[in-house]
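J.: Give me a 3D structure for the following:
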Amino acid sequence: MQNKKKKLFILFIVIGLLLVCLFLVLFMQFEKNTKQTESSIVGTIVEILENSILFQDEAGGEYIVYFDSDYRGQAMETLAAGTEVKIWFSGQIAESYPMQIVAYEIEKK
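T.: Residues are numbered from 1 along each chain as shown. The predicted structure is shown next:
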């Protein structure tokens, strides 16, 4: 009887570990797909403002870029006017002048 309980316990541990591994694989795949579906834009930083940056894309469009509360990119201190960057954002653009976006990530080019 004791041997049967031990085998059942080991079986539960193995099943639990397999479920954790499956969850991690699915989560990593979700993160990869999320990054691919986000919008991105490439251009140059024109000016660093107090809580945002002024950015110009390759076509000459100007944007005020705010930082999302979940921002995960380059630290603001590492960015400077004239730096070429790629910005990932939700895809929503406020149609003002300059246009406004909220960045999830900024990467130096």
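
J.: Please count neighbours and contacts with C-alpha atoms only from this point.
T.: Noted.

J.: Give the bridge partners for residue 40, please.
T.: Assessed by DSSP bridges, residue 40 has beta-bridge partners residue 88.

J.: Help me confirm that it comes into contact with residue 89.
T.: Yes. Counting by Cα atoms under 8 Å, residue 40 touches residue 89, with 6.1 Å between them.

J.: Low-confidence regions, the protein specifically.
T.: In the predicted model of the chain, residues 1, 29-37 satisfy pLDDT under 70.

J.: run the last query once more with 90
T.: 1-39, 50-51, 68-78, 90-92, 95, 109 (pLDDT under 90).

J.: all strands of it, in order?
T.: Applying DSSP state E to the chain gives strands spanning 39-48, 52-57, 62-67, 84-89, 99-108.

J.: Kindly reformat those strands as TSV containing mean neighbour count and distance to residue 6.
T.: Listed next are those as TSV, based on neighbours: other Cα atoms under 10 Å; distance: least, Cα to Cα, whole Å:
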stretch	mean neighbour count	distance to residue 6
strand 39-48	18	52
strand 52-57	20	60
strand 62-67	21	53
strand 84-89	21	51
strand 99-108	19	49
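
J.: Which one, of the ones you listed, ends up nearest to residue 3?
T.: Distance to residue 3, taken as Cα to Cα, is lowest for strand 99-108 among the strands of the chain, at 53.7 Å.

J.: helices and strands around the closest one, which ones?
T.: Applying 3 or more Cα pairs under 8 Å, 6 or more residues apart in numbering; DSSP states H and E, one finds that strand 99-108 contacts strand 62-67, strand 84-89.

J.: Next, the angle from the last one to strand 39-48.
T.: Put simply, strand 84-89 runs at 120 degrees to strand 39-48, going by axes from the mean of the first three to the mean of the last three Cα atoms, to 10 degrees.

J.: Reformat the helices and strands packed on strand 99-108 as a markdown table; add distance to residue 107.
T.: Shown next, in a markdown table, are the helices and strands packed on strand 99-108 (distance: least, Cα to Cα, whole Å):
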| stretch | distance to residue 107 |
| --- | --- |
| strand 62-67 | 13 |
| strand 84-89 | 5 |
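
J.: Nearest to residue 74, out of those?
T.: For these, the distance to residue 74 is smallest for strand 84-89, at 9.8 Å, taking Cα to Cα.

J.: Brilliant, that's me finished.
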